[in-house]
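*Asks:* Next one to model:
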Amino acid sequence: MRDLSFYKQVDHPQVEYRGHPFNMPVFYYDVTAVIVGFLTPLDNVTALLPSNRMKPLRATPWHTVTIIACFEYRDCDAGPYNEVAIAFPFTMDHSAPIFTGLLKNIAAGPMAYIYKLPVTTEIALQFGVDFYNFPKFIANIDFSRDAGWLHCHLSESGHNIFTLSSKMLSVKSSGRWRFDCFSVREDRILRSEVTVNVRQQAMSRNSRNVNFKLGDHNLAQELLNLRLGRMVHLQYLPSCQTILSSVVESYEIN
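*Replies:* Residues are numbered from 1 along each chain as shown. Here you go, the predicted structure:
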């Protein structure tokens, strides 16, 4: 049985999409999420951002953070599927303070540019590209659990991209959390909102709680070239719910 209390009084109209009924905003009813931040040289990330208005959050004067987030969507409006996000948290136009700005923005809900967003189903690919122009592609994303660890294995066409493993830490009750996703279409920066009914989560900065192993795929080489460093943030949400809005705002790209 779905727990729908989180969605009460939220308008959820049905639209026609590629000849099929579809609801917006998109409701995700049962999700496991692992979100990990890795120190990354500032210049390497800045070179990948599509606009100079985007100012990466800084952990040090020389480092920002790359976010790798793994999502197991067991029940949602688009059907069950899995997803991996590679993203860069930033502020618009003005830089946040070093370190304290990073902590404050991640806790409050970061703005994140979505760099890559592999998914496992065609419908998830289609609506993500059509509605948001997210950089999606079809991949194999497999979750497994053993000996207190949760593993997310990402691959495409027989080539490993990475395996991200997180300890399934003891969780505590938590409320809601929000963050903004950013993409680009033509000459505009697009913003959409994600609201998370966290329910329970664990957070850690202990690098021993995460294992990350790159494979032989081209995207793995890109991540290697980014020079991902020490893990500085782990967020484990074993059973949350989310709402993904439509595009709610756009900006000039420069």
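*Asks:* my read: Leu219 touches Pro135, true?
*Replies:* No - the pair Leu219 and Pro135 fails to qualify as a contact (C-beta atoms under 8 Å) at a distance of 11.0 Å. Where C-beta positions appear, they are placed from N, C-alpha and C, glycine not excepted.
*Asks:* Between those two, tell me which one has more neighbours.
*Replies:* Neighbours were counted for Leu219 and for Pro135 using other C-beta atoms under 10 Å; Leu219 has more, 22 against 16.
*Asks:* Ile86 versus that one, what's the distance?
*Replies:* 8 Å (C-beta to C-beta, to the nearest Å).
*Asks:* joint contacts of the two?
*Replies:* Lys116 (C-beta atoms under 8 Å, 6 or more residues apart in numbering).
*Asks:* on that earlier part again, any residues in contact with both of Leu219 and Pro135?
*Replies:* Joint contacts of Leu219 and Pro135 (C-beta under 8 Å, 6+ apart) are Lys116.
*Asks:* Pull stretch 176-185 out as CSV, backbone CA atoms only.
*Replies:* Extracted C-alpha coordinates of stretch 176-185, given in CSV (Å, rounded to 0.1, in the frame of the first residue of the first chain):
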residue,chain,number,x,y,z
ARG,A,176,11.9,17.3,4.6
TRP,A,177,14.8,18.4,2.3
ARG,A,178,14.8,20.3,-0.9
PHE,A,179,17.2,20.9,-3.7
ASP,A,180,17.2,22.4,-7.2
CYS,A,181,18.3,20.6,-10.4
PHE,A,182,19.7,22.6,-13.3
SER,A,183,20.0,21.8,-16.9
VAL,A,184,20.5,23.8,-20.1
ARG,A,185,18.3,24.1,-23.3
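*Asks:* Quick one: residues in contact with that stretch.
*Replies:* With C-beta under 8 Å, 6+ apart as the criterion, stretch 176-185 contacts 50-51, 54, 87, 90, 109-114, 132-135, 189-198, 244, 253.
*Asks:* For the residue lying closest to Leu49 once chain neighbours are set aside, grab the count of nearby residues.
*Replies:* What sits nearest to Leu49 in space, not counting adjacent residues and going by C-beta to C-beta, 6 or more residues apart in numbering, is Tyr113, at 6.0 Å. Residues lying near Tyr113 (other C-beta under 10 Å) number 23.
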